[in-house]
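# pasting the sequence and the predicted coordinates here, then a few questions.
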Amino acid sequence: MTSVVLSVRGLSVRFLMPGGRRIAAVTDAHFDVTAGECLALIGESGCGKSVLASALLGLLPANAQTAGEAHLADLDLLAADERTLARTVRGRRIGLIPQSPAAHLTPVRTIRSQLEETVAALRGVQGRKALRAAAEEAAERAAFPADHLDRHPHELSGGLAQRAATALALVGDAPLLLADEPTTGLDRDLVDHTVDELRRHVDTADRALLMITHDLAAAERIADRVAVMYAGRIVELTDAAAFFGETGPRHPYSRGLLAALPDRAFTPIPGMPPELGALPDGCAFAARCDRTTAACTAVPHLTDAVACHHPHVPEGIRA
Amino acid sequence: MAETAVEPRWRSYGTRRRSTRTVRVRTSVALVAVTVLAVLLVPPLIQLDQQAVDLALKLQPPSWAHPFGTDDVGRDLLLRCVYGLRVSLFVGVVAALTATVIGTAVGATAGALGGWFDRGVMRLVDTFSSVPHLLLGIFIVALFRPGVWPVVVSVGLTHWLSTARIVRAEVLSLRSRPYIDAAVSGGASRWRVAVRHLLPAVLPQAALAAVLMVPHAMWHESALSFLGLGLPSHMASLGNLIQTARGSLLAGQWWPTLFPGLFLVVPTLAIAGLAGAWRERINPRRRSELML
Amino acid sequence: MLELRAITAGYDRRTPVVRDVSLSVEPGEAVGLLGPSGCGKSTLARVAALLHRPDSGTVLLDGEPVHRWRHRAPRAHRTAFGVVFQQPRLSVDPRLRLTDLMAEPLRATGRRNEIPDRVAELATAVGLTPDLLTRRPHEVSDGQLQRACLARALVLRPRWLICDEITAMLDASTSAALVAAVEDYRAETGAGLLAVGHDHALLNRWCGRLVRWDDLGPAA
């Protein structure tokens, strides 16, 4: 039996703006991530996926409001206070793999000293020798070469910087890894490499990985399941093999995204996503969709893996 | 499926952090407003002679008639303090503006032109910075007869160095941004890039530096006056008030020193508080807080 | 014809990032330059757009060697290029509204009277709705901002487009829309294109000719 590591129920985030405007960044998100599984949360920039990650980590700005629950074992991340999150969650129960490792690492200190500090803080390792050994072991887990440990972040290539950041994220042995756009700005070989390594960390230690990305190729390579986010809502949550494979996605937006890939039709979805501050009453995708009917004036709920009134029906079932 | 339009229960985020900041900012705003109003309105509206000498009332401790007490020739200290603040604030504001204009012009030009001009100017800035600026200020006031303008010139001419550095660094970091490349490619002249793209970007920083410099300049005025080199001794500046109070302080009369001192310290803290909040506001990171 | 001959360039003469590279783009041609990140292809793109003076080598514009760069380059030369960069946030003046952003090159070249027509026309071409045009950069998404950056690059009707990883930060649909807008412009004007990137699938689909960075050296 697989165990659920993170269970998100009805998570919503609103930002209160000057003038009483409310921005619906995330609305009613439901999903689970289980041990040994990678869930890729995909969507375009501004769809609310990074806000969702920040909400899980308790790193929202002061003008935010949240609703719903996000259970990491017995702890509700949304209700926990900052002290609990800082002392027991970030780094210890959720390992964060950042978007730009170069900015995440302290520029004036060597990778070794940063690893040693993290090992001392998270695992309580003491003594110079023990620290040194533990740091080297931590580096090895992320395949960070030992002879580069005494370098500073700016002396590392993009790929090695990403490995250093990953090594730091893995130190706390957190059951949940959260990767926020880990491949942005990397070239294709490095993307593949980074993603394969993340997959290895999921498989070897039975971790759960929630990866937020707009890179469909990376998601295809790593994910067991895919959640597609559009205008703050999860519109499709399904098996990755079916999503990227023969069957294809069922939500018209997901289909449009895949069709826009350069090795597929390379045709964009017409129009642009609605503003999160002024969402339409019904389905947010209706204005761009070729299947829109009168039914689409009501918000579709996520039933049977897709939130759409007129989803594509897989070939096998249609008969 | 039945439509369940139940509004979820919202949890607010970080309200406490916000309220302590708000209190600090509001206190600063109120104090600065009171200071400015007092300085602008009291002299024209209240027909009292701050210079009125009444030796019978000399060195009275604070009372209802004279809330701040009286000085060694029986002048009302509250009135003297307000007049003193008026003079000090005027000197502070004008000197800070002078320094900021010089600093911004020098820093922006050096950063925008680069090359030998930049190197030469920055070497000059380093040289000036190596001399304690109070000494330099004393040297400049010593060249003139005592008065308001020599003090303004002295403080203004010695305080543009740090602004020039800040502005130059900002211009240098902006100059390598792709948006400057895009402007060049769009046919913008050197002048247009400087005036339309670089200068507006550094102005908030420069203005912030100017505001922070007002109290600094006030302290310099006080220091120069305290040393007897600043304003003529009959003028009620805060520095002069503290200077004249020295003798009575040793005799146990604390009020002629305390109140002018407070008039110097409180506006300083209020302006610094205000500038701090403003700095947070112009910080670009806060703008992207939405993470959208 | 845009020709780069034996270009060596960088930010420090002792360690140039581009060494002895040659490349040419015919009028109307789309050349995709494929290379790993950090290889110097962005620097080469800036040299091609006359934004960065090379340490050595020659740039020929329609057979004429270029001698001056950046502000010193004749305005007609500079504006013959439309450039779009990887990160839209860093490529715009954060104080300008989107419409002013797009109109800035027209203002800079004293063609204010063309602004209303040209901005409206380009907004449609790149897929920006009128309500977005009055916003400032921090009020729009990366994708919307990159659309505005493309409009700005097209506003002076350049003969050459230099696109440096313009879709790296964007989702698939917005990427496809941007490429389609570039191609519409090229079909209409016959402009040449140098697209720099690391995504083989994208450049292969987009460009008529694909060049690998490693093949550009002195031997090629």
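Sure thing, it's come through.
# now the residue most central in space within chain A: how far from residue B:260?
For chain A, residue A:212 is the residue whose C-alpha lies nearest the centre (C-alpha atoms, centre = their mean; 2.6 Å). As judged by C-beta to C-beta, to the nearest Å, residue A:212 and residue B:260 stand 59 Å apart. Where C-beta positions appear, they are placed from N, C-alpha and C, glycine not excepted.
# and residue 167, what pLDDT?
I went with chain A, as the question did not name one. pLDDT for residue A:167: 88.
# my question was about chain C
On the pLDDT scale, residue C:167 gets 91.
# how about the secondary structure of it?
Classification of residue C:167 using DSSP: H, G, I helix; E, B strand; the rest coil returns coil.
# wait, doesn't it sit right on residue C:179?
Yes - using C-beta atoms under 8 Å, residue C:167 is in contact with residue C:179, at 7.1 Å.
# overlap in contacts, the two.
residue C:202 (C-beta atoms under 8 Å, 6 or more residues apart in numbering or on different chains).
# which parts of chain C sit against chain A?
Proximity of chain C to chain A, by C-beta under 8 Å from any C-beta of the partner chain, involves residues C:36-38, C:86, C:127-129, C:141-144, C:168-177, C:179-180, C:198-202, C:204-206.
# hey, which helix or strand in chain C has the poorest pLDDT?
helix C:130-133 (a mean of 89; mean pLDDT, DSSP states H and E).
# quick check, it touching chain B?
No - applying C-beta under 8 Å from any C-beta, one finds helix C:130-133 separated from chain B by no less than 13.5 Å.
# ok, residue A:209 to chain C distance?
21 Å (C-beta to the nearest C-beta, to the nearest Å).
# now do the contacts for that residue.
Contacts of residue A:209 by C-beta under 8 Å, 6+ apart are A:33, A:37, A:38, A:39, A:176, A:177, A:178, A:179, A:198, A:201, A:202, A:222.
# what's the most distant pair in these?
Farthest-apart pair in the contacts of residue A:209 is A:176 and A:222; separation 15.4 Å (C-beta to C-beta).
# residue boundaries of the helices in chain C?
C:41-48, C:75-78, C:98-108, C:115-126, C:130-133, C:142-154, C:172-189, C:200-206 (DSSP state H).
# what residues of the last one count as buried?
Residues of helix C:200-206 classed as buried by neighbour count (16 or more other C-beta atoms under 10 Å in any protein chain shown): C:200, C:202, C:203, C:205, C:206.
# now these in JSON lines, with pLDDT?
Shown next, in JSON lines, are the buried residues of helix C:200-206 (pLDDT from 0 to 100):
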{"residue": "C:200", "pLDDT": "90"}
{"residue": "C:202", "pLDDT": "94"}
{"residue": "C:203", "pLDDT": "95"}
{"residue": "C:205", "pLDDT": "94"}
{"residue": "C:206", "pLDDT": "96"}
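# give me the most central residue, chain B.
residue B:214 (1.8 Å).
# that one: which element?
Per DSSP states H and E: residue B:214 is located in helix B:199-226.
# which helices and strands sit right next to that helix?
Under the contact criterion of 3 or more C-beta pairs under 8 Å, 6 or more residues apart in numbering or on different chains; DSSP states H and E, helix B:199-226 touches helix B:77-113, helix B:133-142, helix B:148-158, helix B:160-175, helix B:238-250, helix B:255-282.
# and chain A, is the last one touching that?
If I follow you right, that is helix B:255-282. No - residues of helix B:255-282 contacting chain A under C-beta under 8 Å from any C-beta: none, with a closest distance of 11.6 Å.
# which elements pack onto that helix?
helix B:15-45, helix B:77-113, helix B:199-226, helix B:238-250.
# can you list those helices in CSV and add mean pLDDT?
Shown next, in CSV, are the helices and strands packed on helix B:255-282 (pLDDT from 0 to 100):
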stretch, mean pLDDT
helix B:15-45, 74
helix B:77-113, 87
helix B:199-226, 84
helix B:238-250, 78
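# can I get these in JSON lines with distance to residue B:181?
Formatted as JSON lines, the helices and strands packed on helix B:255-282 follow (distance: least, C-beta to C-beta, whole Å):
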{"stretch": "helix B:15-45", "distance to residue B:181": "38"}
{"stretch": "helix B:77-113", "distance to residue B:181": "15"}
{"stretch": "helix B:199-226", "distance to residue B:181": "15"}
{"stretch": "helix B:238-250", "distance to residue B:181": "50"}
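# and stretch B:70-89, what's buried?
Within stretch B:70-89, judged by 16+ other C-beta under 10 Å, the buried ones are B:70-71, B:74-89.
# helix, strand or coil for residue A:70?
strand.
# what about it, how many residues close to it?
Residues within reach of residue A:70, counting by other C-beta atoms under 10 Å in any protein chain shown, total 23.
# so which bits of the stretch 201-319 of chain A are right by chain B?
Near chain B, when you scan the stretch 201-319 of chain A using C-beta under 8 Å from any C-beta, you find A:276, A:298, A:301, A:303.
# what's the closest non-adjacent residue to the second one?
When you say that, I think you mean residue A:298. Sequence neighbours aside, residue A:282 is the residue nearest to residue A:298 in space, at 5.5 Å (criterion: C-beta to C-beta, 6 or more residues apart in numbering or on different chains).
# figure out how far stretch A:172-192 is from the centre of its chain.
Offset of stretch A:172-192 from its chain centre (C-alpha atoms, centre = their mean, to the nearest Å): 9 Å.
# does that stretch come close to chain B?
No - for stretch A:172-192 and chain B, the contact criterion (C-beta under 8 Å from any C-beta) is not met; the two come no nearer than 10.1 Å.
# endpoint to endpoint, that stretch covers what distance?
By C-alpha to C-alpha, to the nearest Å, the extent of stretch A:172-192 from end to end equals 25 Å.
# and the residue of the stretch 201-319 of chain A at minimum distance from chain C, which of the three is it?
As assessed by C-beta to the nearest C-beta, chain C sits closest to residue A:268 within the stretch 201-319 of chain A, at 3.6 Å. Following three-state DSSP, the label given to residue A:268 is coil.
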